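> below are the sequence and a predicted model; questions follow.
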Amino acid sequence: MTFGAEHTTDDVLAGVDLAGTVVVVTGASTGLGLETARACAAHGATVVMAVRDPGAPAALAALATVGVNGHLVACDLTSLASVRAAAAEIAERWGRVDVLVNNAGVMATPAGTTVEGFELQLGVNHLAHFALTARLAPVLADDARVVNVSSRGHLIAGVDVDDPHWRTREYDKWRAYGQSKSANVLFTRGLAERGITANAVHPGMIGTDLYRYLPAEERAMVEARPAGSEGTTKTIPQGAATIVWAAVADGVPNGGYLADCAVEEAAAHATDPEMVAWLWAFSESEIGESFPT
């Protein structure tokens, strides 16, 4: 069956049996991450819900929504120590990962840094997920899939090789966001080059907690797109549909950029082979370790 923008996670997963699979989802306490976790668990998957604070009310409510197939693991993406601890716990408790959904992210934040001093959006949206994927690589199943949640926002900007952490330029929250989302696509290409099945996903315009840093007037402008326009708002189950499609569908090309349950063309700056190689080397240098071969 062909799916599109109007379809939901339940549509995509109808008739799919995920029993026996282990699915890891970052940012699983709200929004797209929660819906992805819920849908996969409903179809039999063991779902590891990587969240910043497993004891927070939102995380506990999310676990209740996902049900008995859900499991909370602490993973604060602003700290590489937390990311590494999460990967170690997942590897020890489950021993195998069939699907890794690098979903968690921030958008248009005020200027800030992670514990390691990375620009916040690049650090959370890309470098933390690069580190998590690297640490989980040894336990990825042979047919495992990695889904990196990117955005059409990657069109805003490529990765600035001279100042990726905005240390010498005046900070621009939207260009910083675009850079981090371009990094998601470049990372996806790098994984595919190394034989790991991976796809980058644009879920669409969805009113989730991702909007929390936007002033009220800016949020209203984003959400008030006319029906049928590029930015038409989707429901959360519609937005997460492409994520689960990337995780389970047959015939999805490796290393692709996906939107509305279909393959799209990403910007040239997010697919340039030289930039794929540059970002990989940069990411290894920043996290202080090599990605396992």
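The structure has been received and is ready for your questions. Residues are numbered from 1 along each chain as shown.

> pull the longest helix from this protein.
Taking DSSP state H as the criterion, the chain has its longest helix at helix 173-193.

> next secondary structure element downstream of that helix?
strand 197-202 (DSSP states H and E).

> so His126 touches Trp280, yeah?
No - using CB atoms under 8 Å, His126 makes no contact with Trp280, being 11.3 Å away. Backbone N, C-alpha and C define where each C-beta goes, glycine included.

> how far is the lengthiest strand in the chain from where the chain is centred?
Longest strand in the chain by number of residues (criterion: DSSP state E): strand 140-149. Offset of strand 140-149 from its chain centre (CA atoms, centre = their mean, to the nearest Å): 12 Å.

> for it, which outside residues touch it?
32, 96-103, 105, 129, 133, 184-185, 187-188, 191, 196-201, 203, 243, 246-247 (CB atoms under 8 Å, 6 or more residues apart in numbering).

> again, 7 Å this time
Here strand 140-149 makes contact (CB atoms under 7 Å, 6 or more residues apart in numbering) with 32, 96-103, 105, 129, 133, 184, 187-188, 191, 196-201, 203, 243, 246-247.

> coming back round to it: neighbour-wise, which of His126 and Trp280 wins?
Per other CB atoms under 10 Å, whichever of His126 and Trp280 has more neighbours is His126, with 30 against 19.

> I'd say the more buried one and Phe187 touch.
Yes - assessed by CB atoms under 7 Å, His126 is found in contact with Phe187 at 6.4 Å.

> and Pro203, how many neighbours does it have?
For Pro203, using other CB under 10 Å, the count is 27.

> in the stretch 151-293 of the chain, which spans are strands?
Shown for the stretch 151-293 of the chain, the strands assigned by DSSP state E, counting those that start in this stretch span residues 197-202, 205-206, 233-234, 257-259, 262-264.

> over to the stretch 1-150 of the chain?
Counting by DSSP E, counting those that start in this stretch, the strands of the stretch 1-150 of the chain are 22-26, 46-51, 70-74, 97-102, 140-149.

> right, I'll leave it there.
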